[in-house]
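In: sequence and computational prediction follow.
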There are 2 protein chains.
Amino acid sequence: MNRVLEDVIHRNASVVDRITVESTQGYVVSDNIANAVAESSFDNTSAQAIVKHIHGILVSTCQSAVRDIDPANSVCFLRLATRKFEYLVAPEEYFTVTVVQ
Amino acid sequence: MNRVLEDVIHRNASVVDRITVESTQGYVVSDNIANAVAESSFDNTSAQAIVKHIHGILVSTCQSAVRDIDPANSVCFLRLATRKFEYLVAPEEYFTVTVVQ
């Protein structure tokens, strides 16, 4: 699986470079099975902090909250505006992408 | 405190009525200290489910995650898009507002 994800990331590298030029601080892509950083524009410590706190704890809490309110519903996308920046989180089946802007 | 919040809610009732006519499913305002429903357009069960899961668990998890990544940062606003609707959550000092659209 990890190989497929890496392949997809490398195929889309030029698109990522183009759309991250303007007003984004960076991005992190993580593997959902290993819960490890697959690709990031941040240094390793920041990327791992985002994966641990946002991809690990926050996304699963969101999914639990949404399912507890309505069992037939599921999370599509999460925007978390903070005083300094905004986290845009897209949880997918095999990977999770977070963009910081 | 609760009295002040109720007073504010009643003063803004006409504005709330005007802006919730279009494309919103409803809203919930909760008191942060008592963690109880202060005002809602939903029935009691739905409102309490939203207060419990979103205002109680999710908002505090968001705040923890954001502070763990950067201790000088704090949550301003949260948009949670799900397959069926979108939750817009505004956590304030004394109360939390969630709009479902």
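Out: Perfect, I can see it now. Numbering: from 1, shown residues only, chains lettered A, B, ... in the order given.

In: and chain A, which of its residues are near chain B?
Out: A:46, A:49-50, A:53-54, A:57-58, A:61-62, A:64-66, A:68-70, A:72-85, A:87 (C-beta under 8 Å from any C-beta of the partner chain). Using the backbone N, CA and C atoms, a C-beta is placed for each residue, glycine as well.

In: let's see 6 Å
Out: Residues of chain A found near chain B (C-beta under 6 Å from any C-beta of the partner chain) are A:49, A:53-54, A:58, A:61, A:65-66, A:68-69, A:73-84.

In: in strands, which of the residues you listed fall?
Out: Using DSSP state E to define strands, the subset of the residues of chain A next to chain B located there is A:75, A:76, A:77, A:78, A:79, A:80, A:81, A:82.

In: which two of those have the greatest separation?
Out: Across these, the longest distance by C-beta to C-beta is 20.6 Å; it joins A:76 and A:82.

In: run a quick neighbour tally on residue A:42.
Out: 17 (other C-beta atoms under 10 Å in any protein chain shown).

In: am I right that it is in contact with residue A:26?
Out: Yes. If you go by C-beta atoms under 6 Å, residue A:42 and residue A:26 touch, sitting 4.8 Å apart.

In: quick check: the gap between the closest residue to residue A:58 other than its chain neighbours and residue B:71.
Out: Take residue A:58 and drop its neighbours on the chain: the residue closest to it by C-beta to C-beta, 6 or more residues apart in numbering or on different chains is residue B:65, 4.7 Å away. Per C-beta to C-beta, to the nearest Å, residue B:65 is found 12 Å from residue B:71.

In: quick one: which of those two has more around it?
Out: residue B:65 (24 against 8).

In: residue A:30: neighbour count?
Out: The burial count for residue A:30: 27, using other C-beta under 10 Å.

In: with residue A:11 instead?
Out: 9.

In: can you name the residues that contact it?
Out: For residue A:11, the contact set (C-beta atoms under 6 Å, 6 or more residues apart in numbering or on different chains) is empty.

In: over to residue A:59?
Out: Counting by C-beta under 6 Å, 6+ apart, residue A:59 touches residue A:91.

In: which residues touch the residue nearest to residue A:58?
Out: A:53, A:54, A:58.

In: cool, and residue A:73?
Out: Neighbours of residue A:73 in contact, by C-beta under 6 Å, 6+ apart: A:66, B:82, B:83, B:84.

In: now the last one: closest residue in space that isn't a chain neighbour?
Out: Nearest residue to residue B:84 in three dimensions, chain neighbours excluded: residue A:73, at 4.9 Å (C-beta to C-beta, 6+ apart).
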